[in-house]
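Trainee: Can you look at this prediction? I've put the sequence above it.
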Amino acid sequence: MSIPGFQTESAVAAGERYGPNSAEVGEFILAAGRLTTAQWRKVLAVRSSVSKVGRDSSAQPAEAVRSLLNGAAGGTSALGEPMAAVASALGEGLKDRSDDEVAAAWSAASALVRRRQLASLTFAAHYLPFASAIPPVVTAEPPAGVQLFAKTLRWLAPGQWESLARPWSVDREASTTLLQVASRTPSRESEEAVALSALAAVTKHLSGDAGWAAMKTVVHGARVLSCRGELTPAQLQALWVPLEEAVPLRSLDVQATDSVAAAAPPKRAAKAQAGKAVVAKKTPIHRGPLYGPSTAEVTAFLKVVRELTAIQWLRVLDRRQLVASVTREGSAEPVGVVRAVVAAIQCTRGMDLEVRCRIVSAVERAGYALASKHALTREQALAHYGVLTEVVPFGEVDGVGLAARVAALNPEEWGRVAVIAPVVDLAVLTPVVHAGDAIADHLAARTDDEAVTAWHALTALLDRQRLSPIKFAVSYAPFASAVPVTKARSITPPVRRYLTAVGRLSAHQCSLLAEPWLLADDVSNALSRVVMDGSAKPAEEAAALAALVTVPMRLTGDSGWAAAKTAVFGARVIASRGKVSASEFEALWKPLERAIPLASLESRSKKAS
């Protein structure tokens, strides 16, 4: 096999002039003489970078190489064949290049001549400066797992490279088996491919002995993957131990999707091939209700939202504006974050669920970092932006444009994010991803206001057990009438009468509720003790939903927020009436008495008696 564009009659006629690898060496010499100035600058830059980790003591100074090549051209060289022929051809073809350029070419050409005698890592260290301009001949494509491994290495973080640089040893029996298998399989192609790819990446993070040690570990990994088919699972696990922390073996499990990719249409097959690391092993991590503790309410919400009419959406948005006129919550996700998260959910369908959860979390974190850039230093924002910088550089996107960049990522780029994305709480993220799958396509077609309002309500439902009643109501109030979530059996008659009173508050009553108030410690502690079991939470949620609709029509800003909080407190007191003493209840009701007299909440039968 030869490199397209470089096979010439001169190279073919060279025969064995340059040794067993004459054709490739001849092509390299011809191609090196045609490199542009820009390409040579890149060659020298890469060579300088490689020298930070390379430990080759045989490299000759540039002046010595120039002298050697000039001597060979004049027939006075002491070099034996085939190196004398290489020196003569290089000296003629590069006579107008600088000493450093000639030295780089000599090092690469020498490595090509001895390619099968050199260790894979040594060959890569010599040839890497020219690898992009003059790719080395490859007789066979490495296995899919090896190719994915090579791509993954380009995006490892410094800590992952440091773990690869640590001293290690593996089981002697497994190591012996690996050597035997490697001797009868084309593992060298894999080792070279990975070494060339990883050597360009490691120099960005490590140098010296640490960098070289990491590279030796990486080459070992390539050999293991190329021999994977002839190793037992136990041997494979034992041999992969030095790499597991940086690159988990299961992230490179591509065998399960080989048949799917082969049978898929070309475009789909390409996606399957590039994204194998994250779709191959689908471990069932979900247990329990699909959407968590609030599955019934979430299911109803998803169904109704998809069926809302234009008029109903107008009512929802109008109610959202009402809530926004009093709320002081700063945690609502900006539209850029919502759009980016929805795009991530759409683009990662088919991947392992755990991986999807980590990716969605990483995208959400990046969105918040971009939305908060004005309040953070660049260093702080970049730190919060996290792993997404590997595929979407921080300075190239803003909060509004993040969703489009996320949607444009290809499977290989998603694979990079999946490898380095931090671990997340699956119990929290799994219901979000499931619910997002059910509504993402619908939200993508809605306006920004509609999508954000629906997403806020959905995530509030999913996180309902952990949110305070007022915070839940802030997000869910716009949909409270379209999709009720308060169960009638959880609301007692006294609470029901109180909710009716909250729904009829006048401007004057709201002003009274907004006035500051304090409770004695013993009274406050008595209430806290009786609501610790969560028995008052349904009443508080219902009151919060009612107050965030009624109060904003009468009072806005901080005063409106204070009135709404007092109304929620009143629901807690009413729901706990039978659990505190009469004197404690009277003291607890004082902040509400002027606005909602307790006598007005008494039942008709009690009044009649």
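Mentor: Looks like it arrived, so ask away.

Trainee: I'd assumed Arg315 was in contact with Glu450.
Mentor: No: counting by Cβ atoms under 8 Å, Arg315 is not a contact partner of Glu450; they are 11.8 Å apart. For the C-beta atoms, the positions are set from N, CA and C on the backbone; glycine is no exception.

Trainee: quick one, which of those two is more surrounded?
Mentor: Between Glu450 and Arg315, Glu450 has the larger neighbour count (other Cβ atoms under 10 Å), namely 19 against 15.

Trainee: center of the protein - which residue?
Mentor: Ile359 (3.5 Å; Cα atoms, centre = their mean).

Trainee: so what's that one up against?
Mentor: Counting by Cβ atoms under 8 Å, 6 or more residues apart in numbering, Ile359 makes contact with Ala344, Thr348, Met351, Trp414, Val417, Ala418, Ala421.

Trainee: give me every residue that touches the first one.
Mentor: With contacts defined as Cβ under 8 Å, 6+ apart, Ala344 is in contact with Ile359, Val360, Val363, Val406.

Trainee: make it 10 Å
Mentor: 356, 359-364, 366-367, 388, 402-403, 406-407, 409, 414, 417, 433, 436, 440 (Cβ atoms under 10 Å, 6 or more residues apart in numbering).

Trainee: Make a ChimeraX selection of whichever of those residues turn out to be buried.
Mentor: The command below creates a ChimeraX selection of those among the contacts of Ala344 that count as buried (16 or more other Cβ atoms under 10 Å):
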select :356,359,360,361,362,363,364,366,367,388,402,403,406,409,414,417,433,436,440
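
Trainee: Point out the ones among the contacts of Ala344 that are inside helices.
Mentor: Residues of the contacts of Ala344 located in helices (DSSP state H): 356, 359-364, 366-367, 402-403, 406-407, 414, 417, 433, 436, 440.

Trainee: which helices and strands does the helix or strand hosting Thr122 pack with?
Mentor: For Thr122, the host element (DSSP states H and E) is helix 120-131. On a contact count with 3 or more Cβ pairs under 10 Å, 6 or more residues apart in numbering; DSSP states H and E, helix 120-131 meets helix 22-32, helix 37-50, helix 99-113, helix 187-202, helix 208-226.

Trainee: Including distance to Ala119, could those helices go into TSV?
Mentor: Shown next, in TSV, are the helices and strands packed on helix 120-131 (distance: least, Cβ to Cβ, whole Å):
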stretch	distance to Ala119
helix 22-32	18
helix 37-50	15
helix 99-113	11
helix 187-202	8
helix 208-226	8
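
Trainee: Of these, give the one that comes closest to Leu461.
Mentor: helix 187-202 (43.3 Å; Cβ to Cβ).

Trainee: Contacts only, for Glu245.
Mentor: By Cβ under 10 Å, 6+ apart, the neighbours of Glu245 are Gly159, Gln160, Glu162, Ser163, Leu164, Arg166.

Trainee: go on, Arg464?
Mentor: So Arg464 contacts Gly292, Pro293, Ser294, Glu297, Val298, Lys471, Phe472, Ser475, Tyr476, Val485, Lys537, Glu541 (Cβ under 10 Å, 6+ apart).

Trainee: Next step: these restricted to helices.
Mentor: Counting by DSSP H, these contribute Glu297, Val298, Lys471, Phe472, Ser475, Tyr476, Lys537, Glu541 to helices.
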